[in-house]
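1. sequence isn't available, so here's the structure alone:
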């Protein structure tokens with residue numbers, strides 16, 4: 001399906017000697033409400049991740065976005081038809097796999113059509129911060145000083161084995177503003193990543209591993225052993241994941 005409608009506009013330009021030359025300019029734009037192909041993909045998930053995406057939906061429709069289906073299998077990333085409001089109508093379902101309560105969670109939306117990921121052509125991303133970093137952990141690792149946080153930010157208390165629904169429409173203003181090099185309406189691909197998690201006791205997960213607060217040095221953490229997981233893992237993850 002065409003991504004836009006092309007309209008030819010004619011201009012007449014006066015040349016020297018009084019002659020006119022006709023110039024045709026073609027402009028392509030998206031018609032409001034037009035359905036085009038979109039795609040959402042979730043980064044690879046692991047059994048030791050604190051939070052996993054269990055579903056991505058648009059209205060009553062479930063989007064196939066590469067989620068695990070059990071026995072080492074993943075669902076395909078299937079394109080779907082939608083208008084330019086596709087992200088406004090998208091909901092991400094998150095599941096806390098651990099036995100601990102989460103106080104802060106950062107989701108990152110990556111838009112691969114905005115750049116190649118190099119220094120010369122960086123990708124545009126949009127971070128969605130849910131909750132607040134626990135006071136015990138809200139210190140700069142570089143300076144040791146407290147990190148200021150907006151007291152008006154809504155608190156998060158996602159208990160172990162509970163589910164959280166994130167409506168991307170509630171964050172669409174910030175998402176749109178993060179894309180400053182191409183038309184937002186032209187975007188058709190989005191990757192969902194889980195970037196940072198803080199538990200209520202100050203433990204942190206980032207970069208695929210867990211770290212615990214160093215009680216003697218504000219802002220400093222020590223890395224937990226490889227394979228550490230704060231809870232009991234289902235033996236046939238994700239098929240026997242607790243609900």
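-> That came through, no problem. Note that the structure is predicted; figures quoted are calculated from it, not measured.

2. chain neighbours aside, what residue packs nearest to residue 138?
-> residue 147 (4.5 Å; Cβ to Cβ, 6 or more residues apart in numbering). Just so you know, the C-beta spots here come from the backbone N, C-alpha and C atoms, and that holds for glycine as well.

3. meant to ask about residue 92, not that
-> Of all residues not flanking residue 92 in the chain, residue 166 sits nearest, at 4.5 Å (Cβ to Cβ, 6+ apart).

4. per-residue confidence at that neighbour?
-> Residue 166 carries a pLDDT value of 98.

5. any idea which element it lies in?
-> strand 163-167 (DSSP states H and E).

6. so for that strand, what gets flagged as buried?
-> 164, 166 (16 or more other Cβ atoms under 10 Å).

7. which elements pack onto that strand?
-> If contacts are counted by 3 or more Cβ pairs under 8 Å, 6 or more residues apart in numbering; DSSP states H and E, strand 163-167 sits against strand 90-96, strand 124-131.

8. same thing but 6 Å
-> strand 90-96 (3 or more Cβ pairs under 6 Å, 6 or more residues apart in numbering; DSSP states H and E).

9. what's downstream of the strand it packs on, the next helix or strand?
-> strand 102-111.

10. angle of that next one against strand 124-131?
-> Interaxial angle, strand 102-111 versus strand 124-131 (axes from the mean of the first three to the mean of the last three Cα atoms, to 10 degrees): 170 degrees.

11. now do strand 102-111: which elements does it pack against?
-> Packed on strand 102-111, when contacts are counted by 3+ Cβ pairs under 6 Å, 6+ apart, are strand 124-131, strand 189-199.

12. so what touches that strand?
-> Applying Cβ atoms under 6 Å, 6 or more residues apart in numbering, the external contacts of strand 102-111 come out as 96, 123-134, 156, 158, 187, 190-191, 193, 195-200.

13. also stretch 59-67?
-> Contacts of stretch 59-67 (Cβ under 6 Å, 6+ apart): 40, 41, 42, 56, 74, 75, 76, 77, 78.

14. give the bridge partners for the third one, please.
-> This means residue 42. Residue 42 has these beta-bridge partners by DSSP bridges: residue 192.

15. that one and residue 201, how far apart?
-> For residue 42, the distance to residue 201 equals 27 Å [Cβ to Cβ, to the nearest Å].

16. wait, residue 42 sits on residue 52?
-> No - counting by Cβ atoms under 6 Å, residue 42 does not reach residue 52; the two are 8.7 Å apart.

17. and residue 212, how far from residue 206?
-> 13 Å.
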